[in-house]
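A.B. asks: Quick one, structure for this:
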Amino acid sequence: DKSLTRKFKIKSFIGQDDFRSLAEVIERRINEYLKGEDDSYKTLPDLILLDGGKGQISAVQPIIDKYKLNIPLFGMVKDSKHKTRAITSNENDIQISAKRKAFTLVTSIQNEVHRVAVSYHHQRNKIASLNSELTKINGVGEKTAAKLLKAFKSIKRIKEAQFNDFLDKGFSAKIAQNII
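C.D. replies: Numbering: from 1, shown residues only. As a prediction, the model looks like this:
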């Protein structure tokens with residue numbers, strides 16, 4: 001159900017660390033469920049498939065254990081062509097390459113997750129790039145840059161805006177003048 005897709009910005013560290021990222025996302029997802037404030041987190045997953053093998057499982061299993069949850073956890077093991085050939089737990093591998101329906105299901109899940117992740121990564125990079133252009137303006141920090149992009153939708157529209165357009169959208173006269 002694509003409407004249940006959630007994206008998490010990694011907050012606990014800077015840089016790339018697949019294992020720590022997976023652990024953080026799973027823990028935050030479980031905490032959202034436990035808080036019970038958002039209906040989209042009202043149920044726990046029936047199954048967790050991780051993009052990776054035993055290393056990724058080892059990073060996430062302690063989180064599942066910490067909350068005493070009974071959620072099956074498997075990693076998707078790739079072949080040399082980066083196609084999933086098996087799913088693995090800490091005990092053993094289950095070959096799926098010969099089981100066409102299972103292979104098709106797991107591959108379609110893997111492809112959708114990859115598509116969402118790449119799209120989210122591109123979106124975050126685009127926002128960061130636009131923000132850096134705006135933050136060069138005196139008095140415009142990251143928060144104001146984000147508000148400007150939300151209000152005007154693009155750098156082009158910000159450049160075309162008149163003084164009163166900024167005031168109408170709640171920006172101060174000083175910010176409007178600095179942008180102009």
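
A.B. asks: Which secondary structure state is assigned to residue 86?
C.D. replies: strand (DSSP: H, G, I helix; E, B strand; the rest coil).

A.B. asks: What about residue 35, how many residues nearby?
C.D. replies: 9 (other C-beta atoms under 10 Å). Yep, even glycine has a C-beta here, placed from its N, CA and C like the rest.

A.B. asks: now residue 137
C.D. replies: Other residues close to residue 137 by other C-beta under 10 Å number 16.

A.B. asks: Show the contacting residues for it.
C.D. replies: Residues near residue 137 by C-beta atoms under 8 Å, 6 or more residues apart in numbering: 178, 179.

A.B. asks: quick one: it is in a strand?
C.D. replies: No: going by three-state DSSP, the assignment for residue 137 is coil, not a strand.

A.B. asks: Can you pull the phi/psi pair for it?
C.D. replies: Residue 137 has phi and psi values of phi -80, psi 130 when expressed as degrees, to the nearest 10.

A.B. asks: do the same with residue 94
C.D. replies: According to degrees, to the nearest 10, residue 94 has phi -120, psi 110.

A.B. asks: What of residue 70?
C.D. replies: phi -110, psi 70.

A.B. asks: I'd say residue 113 and residue 48 touch.
C.D. replies: No: using C-beta atoms under 8 Å, residue 113 makes no contact with residue 48, being 11.8 Å away.

A.B. asks: Neighbour count for the two, which is higher?
C.D. replies: Per other C-beta under 10 Å, whichever of residue 113 and residue 48 has more neighbours is residue 48, with 20 against 15.

A.B. asks: Would you mind measuring from that one to residue 125?
C.D. replies: As for residue 48, its distance to residue 125 is 27 Å (criterion: C-beta to C-beta, to the nearest Å).

A.B. asks: and the helix or strand where residue 57 lies, what does it pack onto?
C.D. replies: In this structure, residue 57 sits in helix 54-66 according to DSSP states H and E. On a contact count with 3 or more C-beta pairs under 8 Å, 6 or more residues apart in numbering; DSSP states H and E, helix 54-66 meets helix 18-35, strand 48-50, strand 73-78.
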